[in-house]
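**Q** Here is a sequence together with a model predicted from it:
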Amino acid sequence: MTEDEKLIRRALFTSMTVTIVVAVVGFGLFALLQEDESIETVVESDVRGPVDIVEPSIPALPFTDVTLASGIDFVHENGAYGARMLPETMGGGIAFFDYNNDSHQDLFLVNSSNWPWQQQPEAEPVSKLYRGLGDGTFEDVSEATGLDIDLYGMGVAVGDYDGDGWSDVFVTAVGENRLLKNIKGRRFEDVTHSQGVTGPDNSWSSSAAFFDYDRDGDLDLFVSNYVVWSKEINESVDYRLTGLGPAYGPPTDFAGTHSLLYRNDDRGFTEVSADAGIQVIGLSGTPVGKGLAVHPMDVNGDGWLDIVVANDTVRNFLFINQRNGRFQEGGVSYGLAFDNGGLATGAMGVDAAYYANDERLGIAIGNFANEMSSFYVMRGTQAIFSDDAIVAGIGAKSRKALTFGTMFVDLDLDGRLDLVAANGHVEPQINRIQSSQQYAQPIQIFWNCGEDCSRPYQLVGGVLDESEFVGRGASYADIDGDGDQDVAITQIGGPVVLLRNDQDFGHHWVRLVLVGKPPNTEAIGAVIRVSAAGITQTRTVMPNRSYLSQVELPVTVGLGQVDLIDEIEIRWPNGREESFTDLGVDQTHVFQQR
């Protein structure tokens, strides 16, 4: 027998052996299945693919425009100039706060101005303060209180910087900023120069925030600055739309600048920006920042407030508090600097919240048109952020919008924080060169439907998206004492819009007012945890958020169908903790720091 014949014979033998073994094993398994009836036979027709999630119905969130009926007649003036000066399209700060301590929310609106080289009108545009009467109506007290100030204003920050129990007002501007001290709820006194917070006379400041960064008890001040700008620089850029003439130039045509940090000392504020580490220098040796919004937030859970800065067309900053008077910029290492593609965005407004009622911290940033809003999520205090805008459900729906004011607020009081976006383009003629874009754009509300949806945020239709505004600043407060949050949105070069929340779901709520020890009498920076029916909601007393704006100080927490609060835990700004149990709903609770 040849070697080839031997190989063939061996192969046939091996094949027959394998066939016999498979047959024996198969017969054994068949017999076993027949003897053991507990083993279930799977029928192929019963095997199905992924089960479809049944999406809950998106609720109607009815709002009523009550602007004129409420007594608010403010119209923003931007001094639109033929050469298109860039600041003309960026203003519109707004603040709800209680200036006279009567427990009703008042409304302050920042106005811009005409340019000094223009022919001046008979009546100069001024900022305005409206006193809330508690029933949804307001009275203009601008002149009586001295807040009818004339400057090219941008944003506003509110805080009791001197610890006397009365909320003071800081207004940012193109040029010198203003600090106005509250004189016992009767009038405001300009103390800008004596307190040392004027800022450079050639600066362009945007958003600002009062907060205690060094935990010495008093409120310090962070001021975001935008770009290096002047009339001469603007005219040298000479940005134009083909066939349409002058247009508002992009921020990429203007140099970056440094924001400012003022430490509150005994006799005024001391500018400590360089020593504190918030001046970021690029590889070219020039400032990187083009700050438009700021939000202090304890990102890593160590009890010290960090700072999130939304920068326009350059990377966002995250200043991590080193607990020694200094910060370390960690936007890149924490994953907050760029979008999913590794690109800087046209970032405008910012807000942060524990939106899922667990350890997940979400930071929402409104971006430029044709860029999705960012929705950075960090799971736990040691992880980094990832931009989950698409996963969260706001990505695709926000892409066409140019979003300025951005804020988390529980509009239907179901215990989950919704997201409001104030939208509007910067170029009035944008539709003539981009048919998909409009100057006036819909306000967007993203309803938080929690874990019951494939994506937690769902765009609410048929409420505000049919109304178009050239939105900028956005804020909220309970203006009529019914427990839910009403919304106000400013427009560039147009009237403010006051929207009364007319939701009627029967959901319970609780309103929390914290009174801190002087000098931080408003307990800014305190953390509140409300536990009810196995769910814990976390809030921070931090009125600064959105874009150029401040929301009311009292914290409203929606409770849905829950009619008893198991526990409220408060971590005061100095780190001390207190807890309170078995508290009633649908009312305001006042807590005084011991």
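**A** That came through, no problem.
**Q** contacting residues for the nearest residue to Asn431 once chain neighbours are set aside?
**A** Distance criterion Cβ to Cβ, 6 or more residues apart in numbering; nearest residue to Asn431, sequence neighbours excluded, is Gln438 at 5.5 Å. The C-beta positions use only the backbone N, C-alpha and C, and glycine is treated the same way. Gln438 sits next to His425, Ile430, Asn431, Glu468 when contact means Cβ atoms under 8 Å, 6 or more residues apart in numbering.
**Q** Could you dump those residues into JSON lines with distance to Asp148, secondary structure and neighbour count added?
**A** Formatted as JSON lines, the contacts of Gln438 follow (distance: Cβ to Cβ, whole Å; DSSP: H, G, I helix; E, B strand; the rest coil; neighbours: other Cβ atoms under 10 Å):
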{"residue": "His425", "distance to Asp148": "30", "secondary structure": "coil", "neighbour count": "23"}
{"residue": "Ile430", "distance to Asp148": "34", "secondary structure": "helix", "neighbour count": "19"}
{"residue": "Asn431", "distance to Asp148": "36", "secondary structure": "helix", "neighbour count": "14"}
{"residue": "Glu468", "distance to Asp148": "30", "secondary structure": "strand", "neighbour count": "15"}
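**Q** in the protein, what spans have low per-residue confidence?
**A** Counting by pLDDT under 70, the chain contains low-confidence residues at 1-54, 462-466.
**Q** I figured Ala364 hits Ala347, correct?
**A** No. With contact taken as Cβ atoms under 8 Å, Ala364 and Ala347 are classed as non-touching, separated by 10.6 Å.
**Q** any idea where the helices of the stretch 351-500 of the chain begin and end?
**A** Applying DSSP state H, counting those that start in this stretch to the stretch 351-500 of the chain gives helices spanning 389-392, 395-398.
**Q** Please enumerate the strands of the stretch 351-500 of the chain.
**A** Counting by DSSP state E, counting those that start in this stretch, residue ranges of the strands within the stretch 351-500 of the chain are 360-365, 374-379, 386-387, 403-409, 418-423, 441-442, 444-448, 457-459, 468-469, 471-477, 486-491, 497-501.
**Q** so the fifth one versus strand 360-365, what angle?
**A** Same thing as strand 418-423. Calculated by axes from the mean of the first three to the mean of the last three Cα atoms, to 10 degrees, strand 418-423 forms an angle of 10 degrees with strand 360-365.
**Q** cool, and the last one?
**A** Note on geometry: by the same axes, to 10 degrees, strand 497-501 and strand 360-365 are set 150 degrees apart in direction.
**Q** contacting residues around strand 497-501?
**A** Outside of strand 497-501, the residues within contact range by Cβ under 8 Å, 6+ apart are 61, 63-67, 70, 72, 107, 136, 411, 464, 469, 479-480, 484-491.
**Q** Now that strand: buried residues?
**A** For strand 497-501, the neighbour count (16 or more other Cβ atoms under 10 Å) marks Val497, Leu498, Leu499, Arg500, Asn501 as buried.
**Q** same deal with the first one?
**A** Using 16+ other Cβ under 10 Å as the burial criterion, the residues of strand 360-365 that qualify are Arg360, Leu361, Gly362, Ile363, Ala364, Ile365.
**Q** Same list, those, but as CSV with distance to Pro116 please.
**A** As requested, the buried residues of strand 360-365 are arranged in CSV below (distance: Cβ to Cβ, whole Å):
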residue, distance to Pro116
Arg360, 49
Leu361, 45
Gly362, 43
Ile363, 39
Ala364, 37
Ile365, 34
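**Q** I'd like to know which of those residues is nearest to Tyr152.
**A** Proximity of the buried residues of strand 360-365 to Tyr152 was ranked by Cβ to Cβ; the top entry is Ile365 with 25.5 Å.
**Q** Excluding covalently adjacent residues, which one is nearest to the closest one?
**A** In space, Ile365 comes closest to Ser374 once its chain neighbours are excluded; the distance is 4.2 Å by Cβ to Cβ, 6+ apart.
**Q** if we can go back for a sec, any chance of the helices of the stretch 351-500 of the chain in a markdown table, with mean neighbour count and distance to Arg240 too?
**A** Compiled in a markdown table, the helices of the stretch 351-500 of the chain are given as follows (neighbours: other Cβ atoms under 10 Å; distance: least, Cβ to Cβ, whole Å):
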| stretch | mean neighbour count | distance to Arg240 |
| --- | --- | --- |
| helix 389-392 | 19 | 33 |
| helix 395-398 | 20 | 29 |
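**Q** Please identify which of these is closest to Val309.
**A** Val309 lies closest to helix 389-392 among the helices of the stretch 351-500 of the chain, at 19.1 Å (Cβ to Cβ).
**Q** and the closest residue to Trp166 other than its chain neighbours, how many neighbours?
**A** Take Trp166 and drop its neighbours on the chain: the residue closest to it by Cβ to Cβ, 6+ apart is Asn182, 3.9 Å away. The number of residues packed near Asn182 is 25, by other Cβ atoms under 10 Å.
**Q** For Asn182, grab phi and psi.
**A** phi -80, psi 120 (degrees, to the nearest 10).
**Q** What residues does it make contact with?
**A** The contact partners of Asn182, taken as Cβ under 8 Å, 6+ apart, are Tyr99, Asp160, Asp164, Trp166, Ser167, Asp168, Val169, Phe188.
**Q** Check the gap between it and Ala488 for me.
**A** Separation of Asn182 from Ala488 (Cβ to Cβ, to the nearest Å) stands at 21 Å.
**Q** Could you do Ala532 as well?
**A** Following Cβ to Cβ, the distance that separates Ala532 from Ala488 is 29 Å.
**Q** For these two, indicate the residue with more neighbours.
**A** More neighbours surround Ala488 than the other of Ala532 and Ala488, with 26 against 22 (other Cβ under 10 Å).
**Q** Assess the claim that the more buried one and Ser475 are in contact.
**A** Yes. Counting by Cβ under 8 Å, Ala488 sits close enough to Ser475 to count as a contact (5.2 Å).
**Q** what is in contact with those two at once?
**A** Residues touching both Ala488 and Ser475 by Cβ under 8 Å, 6+ apart: Ile94, Phe96.
**Q** Please report phi then psi for the nearest residue to Phe368 once chain neighbours are set aside.
**A** Nearest non-adjacent residue to Phe368, counting by Cβ to Cβ, 6+ apart: Gly346, 2.8 Å away. Summarising the backbone geometry of Gly346 under the convention degrees, to the nearest 10, its torsions are phi -80, psi 70.
**Q** Tell me how many other residues crowd Gly346.
**A** Gly346, neighbours per other Cβ under 10 Å, totals 24.
**Q** Kindly report the same for Ile479.
**A** Residue crowding around Ile479 was assessed by other Cβ under 10 Å; the count is 29.
**Q** Thr270 reaches Leu260, doesn't it?
**A** No. In this structure, Thr270 is not within contact of Leu260 by Cβ under 8 Å, at 11.0 Å.
**Q** Looking at those two, which is more packed in?
**A** The residue with the greater number of neighbours, taking Thr270 and Leu260 and applying other Cβ under 10 Å, is Leu260; the counts read 25 against 14.
**Q** Can you name the residues bridging to the residue lying closest to that one once chain neighbours are set aside?
**A** The shortest distance from Leu260 to any residue other than its chain neighbours is 4.4 Å, reached at Val223 (Cβ to Cβ, 6+ apart). Beta-bridge pairing of Val223 under DSSP bridges involves Ala208, Leu260.
**Q** Verify the stated contact: Val223 with Phe269.
**A** No. Contact between Val223 and Phe269 fails when scored by Cβ under 8 Å: they sit 10.3 Å apart.
**Q** list the residues that contact both of those two?
**A** Val197, Tyr262.
**Q** Compare neighbour counts for the two and give me the winner.
**A** For Val223 versus Phe269, the count of surrounding residues by other Cβ under 10 Å is larger for Val223: 26 against 20.
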